[in-house]
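# sequence-free structure coming up:
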């Protein structure tokens, strides 16, 4: 976990350096003043944190909270209680956790890509059906039932109440009586 | 300030507003009942609907969403021995033993009534103190506000659990992310790298950011933990018997109710400390001041009274800095400010004097929401407890679909959906590695305000930075912030010289 933390903190530092220092060079001094006032101590604290990951003793004294100054309250006990029973599951290894993150991210981005191409009205049921059947291993009729209910809520709440026109996808389909899609890709 | 009372009452009693409060309350209770989800997730998911509402509609809907998740969370704490939200943890200590002793209905009656009483107490303190605070506000100019924001962020980082340095880093990132986009102060685009999407909309979209941070991140978090939301097999039926007895208990043990409500309100005033500490501290204080502390934890009504009145009273306290200074001390209050912005309100120092109708709408909305929540919990505790048995793997896609469609609905930008996914992963990594999301969210909300006050201060002083340190209030706030920053070192020194360390 320590290596993962160091890598993540280095990425944060690189982002900070590139976005708020290097790219800020083009701005006038007064335009970059506040970003720099915030970014410089943030970067300094990130460097301190990275050293702290290597030498935990350095960071330990900053593991302090207002709770530590309150009589009869143990911050570790609070943290323990906050974690109690939130999810009924056993702790997993980092490798398993990363694999699970990769799986769920694949589903999320898969949903995004399908919705981007075919539109949300096709993307949502396609995502729900495949997710329930493959990931949740829900039986087919329950899958269909839940999908229909969710689609009805999306249609009712977003399209009827909010009057929203859902993204129809970049793929243009025109088969005479039925046509949809053909959205322009908006500039990023 | 008090001229808004009549419009406030008139508004809250209209069927339309009552329906919106009821809807918000019901949704919030469901989210409160499901462990791991909270009113924050509910608000993040429902922001798009607030977009489509008029000012008062949005405010009343928000009051329903904000104040009642903890009441729902107490049901699972009592019936399942699992806190629905983190702020219900201490409720389990006596609530569940009471349920095991056949007094589930009574415990739920206590929790719901104590929540209503606690919340009303907090709001009463807000009403009484706000006029005094408003007198002080006029002493605050841009330098004082800048320092107040700085102090607020430092305090939240200090209050957030975990490492203080990481809390401050999160706050820094929150502020910096808020500065991405077009700057209305300088009239330039900053840190956009030519992105048309964010230039067009001035900044990083609030809704995509908050949905990513609090809903998409939650989905990733759920996926990595798996399992069911709550353990099965330990559920105890509530029934209706004893509910009225429970309601009476809150008044029978009035000293504990009052003590915990006062404590909860004070905790609410402190930025970032939050309901978990209020809940825990209320319980501990109740136990310490009890004639027979050994009975606590065995299933006594006082335990539930102490914990539930404290965690709901904090809302009144938390509203104070939010309404008086426009500076939120918790994620919920940060989201309230975001909701204000969505419905076209500009929160800030003179907000309460300029819009007293909104203040009273909030107060009456909160009160009505708490009463409605108590009614819902009284009537459907058993049914609510069943919601927690839903396996996570069925919950994930539903939350994700509503989160992402909601993000799209807010600005009809497909790239906002992608941004929410990126922010979700970023938020998960931050949370997992001990960086506080609370400070990031508050930093994000306050970022623009900080820069505006900083620029105005320099305008006042013709570019002289000493303005922040020569004005008495500003200098005092700065000194307090420095003292808080030095507290870890002070504590380390104190523990070195303590008798235990010497031994």
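Arrived safely, thanks for sending. Bear in mind the structure is a predicted one, so any value in this text is a computation, not a measurement. Numbers count the residues shown, from 1 in each chain, chains lettered A, B, ... in the order given.
# which stretches of chain A form strands?
In chain A, the strands defined using DSSP state E lie at A:173-174, A:179-180.
# so which of those gets nearest residue B:64?
With C-beta to C-beta as the criterion, residue B:64 lies closest to strand A:179-180 of the strands of chain A, at 36.5 Å. No exception for glycine: its C-beta is placed from N, CA and C like everyone else's.
# Is any residue of the helix or strand residue B:147 falls within near chain A?
Following DSSP states H and E, one finds residue B:147 within helix B:142-159. Yes. On the criterion C-beta under 8 Å from any C-beta of the partner chain, helix B:142-159 is in touch with chain A at B:155, B:158-159.
# Chain A: which of the residues you listed is nearest?
residue B:159 (4.5 Å; C-beta to the nearest C-beta).
# Do I have it right that residue B:353 meets residue B:135?
No. Residue B:353 is beyond contact range of residue B:135, at 10.7 Å (criterion: C-beta atoms under 8 Å).
# Please say which of the two ends up with more neighbours.
residue B:353 (13 against 9; other C-beta atoms under 10 Å in any protein chain shown).
# Check for me that that one belongs to a strand.
No. Counting by DSSP: H, G, I helix; E, B strand; the rest coil, residue B:353 falls outside a strand, being helix.
# Could you pull up the residues touching the closest residue to residue A:33 other than its chain neighbours?
Spatial nearest neighbour of residue A:33, excluding adjacent residues (C-beta to C-beta, 6 or more residues apart in numbering or on different chains): residue B:454 at 7.7 Å. Going by C-beta atoms under 8 Å, 6 or more residues apart in numbering or on different chains, residue B:454 touches A:33-34, A:37, B:142, B:146.
# Where does the prediction get shaky in chain A?
Filtered on pLDDT under 70, chain A yields the residue ranges A:61-91.
# Walk me through the domains of it.
Domain ranges of chain A: A:2-71, A:94-178, per automatic domain parsing.
# The last one close to chain B?
Yes. Part of domain A:94-178 sits close enough to chain B to count as contact by C-beta under 8 Å from any C-beta, namely A:97, A:100-101, A:103-105, A:107-109, A:111-112, A:115-116, A:120, A:124, A:127-128, A:131-132, A:135-138, A:146, A:150, A:153-154, A:157-158, A:161-167.
# Make sure residue B:129 is indeed in a helix.
Yes. Counting by three-state DSSP, residue B:129 is part of a helix.
# does the closest residue to it other than its chain neighbours sit in a helix or strand, and which one?
Of all residues not flanking residue B:129 in the chain, residue B:320 sits nearest, at 6.5 Å (C-beta to C-beta, 6+ apart). Element membership of residue B:320, judged by DSSP H and E, is helix B:301-325.
# tell me the angle of the helix holding residue B:147 relative to helix B:301-325?
Put simply, helix B:142-159 runs at 150 degrees to helix B:301-325, going by axes from the mean of the first three to the mean of the last three C-alpha atoms, to 10 degrees.
# Give me the phi and psi for residue B:326.
phi 70, psi 20 (degrees, to the nearest 10).
# sorry, back to before: list the helices and strands the helix holding residue B:147 packs on?
helix B:164-178, helix B:301-325, helix B:437-460, helix B:467-470, helix B:472-497 (3 or more C-beta pairs under 8 Å, 6 or more residues apart in numbering or on different chains; DSSP states H and E).
# deepest of the ones you listed, which one?
helix B:301-325 (a mean of 30; mean count of other C-beta atoms under 10 Å in any protein chain shown).
# From the chain's centroid, how far away is it?
Centre-to-centre, helix B:301-325 and its host chain are 11 Å apart (C-alpha atoms, centre = their mean, to the nearest Å).
# Now do that helix and helix B:437-460, the angle between them.
Using the same axes, to 10 degrees, helix B:301-325 lies at 30 degrees relative to helix B:437-460.
# how about the helices and strands packed on helix B:142-159 in CSV, adding distance to residue B:50 and mean pLDDT?
CSV is the format used below for the helices and strands packed on helix B:142-159 (distance: least, C-beta to C-beta, whole Å; pLDDT from 0 to 100):
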stretch, distance to residue B:50, mean pLDDT
helix B:164-178, 20, 90
helix B:301-325, 17, 85
helix B:437-460, 15, 87
helix B:467-470, 36, 91
helix B:472-497, 33, 82
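# picking that back up, now the contacts of residue B:454 in CSV, please, with extra columns for neighbour count and distance to residue B:174.
Output for the contacts of residue B:454, formatted as CSV (neighbours: other C-beta atoms under 10 Å in any protein chain shown; distance: C-beta to C-beta, whole Å):
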residue, neighbour count, distance to residue B:174
A:33, 17, 18
A:34, 25, 14
A:37, 16, 14
B:142, 20, 21
B:146, 26, 16
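# Let me have those in CSV, extended by distance to residue A:47.
Formatted as CSV, the contacts of residue B:454 follow (distance: C-beta to C-beta, whole Å):
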residue, distance to residue A:47
A:33, 22
A:34, 21
A:37, 17
B:142, 31
B:146, 26
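# Nearest to residue B:94 among those?
residue B:146 (45.3 Å).
# Residue B:371 against residue B:115, yeah?
No. Using C-beta under 8 Å, residue B:371 is not in contact with residue B:115; the gap is 10.0 Å.
# more neighbours, the two?
Neighbour tally, residue B:371 and residue B:115, criterion other C-beta under 10 Å: the higher count belongs to residue B:115, 30 against 18.
# thinking that one is in contact with residue B:70, fair?
Yes. The criterion here is C-beta under 8 Å, and residue B:115 meets it with residue B:70 at 6.6 Å.
# if I look at the two, which residues touch both of them?
Counting by C-beta under 8 Å, 6+ apart, the contacts common to residue B:115 and residue B:70 are B:308, B:311-312.
# Tell me the one of those nearest chain A?
The nearest one, if we look at the shared contacts of residue B:115 and residue B:70 relative to chain A and count by C-beta to the nearest C-beta, is residue B:311, at 12.6 Å.
# Check whether that closest one really touches residue B:77, as I assumed.
No. Contact between residue B:311 and residue B:77 fails when scored by C-beta under 8 Å: they sit 10.7 Å apart.
# shared neighbours, those two?
residue B:88.
# For the stretch 251-400 of chain B, what lies in contact range of chain A?
Going by C-beta under 8 Å from any C-beta, the residues of the stretch 251-400 of chain B near chain A are B:270, B:272-273, B:276-277, B:280-281, B:284-285, B:288, B:391-394, B:396-398, B:400.
# one more time with 10 Å
B:267, B:270-274, B:276-277, B:279-281, B:284-285, B:287-288, B:388, B:391-398, B:400 (C-beta under 10 Å from any C-beta of the partner chain).
# Pull out the buried residues from stretch B:258-266.
For stretch B:258-266, the neighbour count (16 or more other C-beta atoms under 10 Å in any protein chain shown) marks B:259-266 as buried.
# for stretch B:327-346, same thing?
B:327-340, B:342-343, B:345.
# With stretch B:211-227 instead?
Neighbour-count burial for stretch B:211-227 [16+ other C-beta under 10 Å]: B:211-226.
# Let me know the average pLDDT across that stretch.
Stretch B:211-227 shows a mean pLDDT of 82 in the predicted model.
# Over to stretch B:42-54?
In the prediction, stretch B:42-54 has an average pLDDT of 82.
# what about that stretch, near chain A?
Yes. Stretch B:42-54 is in contact with chain A by C-beta under 10 Å from any C-beta, via B:46, B:48-49, B:51-53.
# now those residues: which count as buried?
By 16+ other C-beta under 10 Å, those give B:46, B:48-49, B:51-53 as buried.
# okay if I get the residues you listed as JSON lines plus secondary structure?
Below are these laid out as JSON lines (three-state DSSP):
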{"residue": "B:46", "secondary structure": "helix"}
{"residue": "B:48", "secondary structure": "helix"}
{"residue": "B:49", "secondary structure": "helix"}
{"residue": "B:51", "secondary structure": "helix"}
{"residue": "B:52", "secondary structure": "coil"}
{"residue": "B:53", "secondary structure": "coil"}
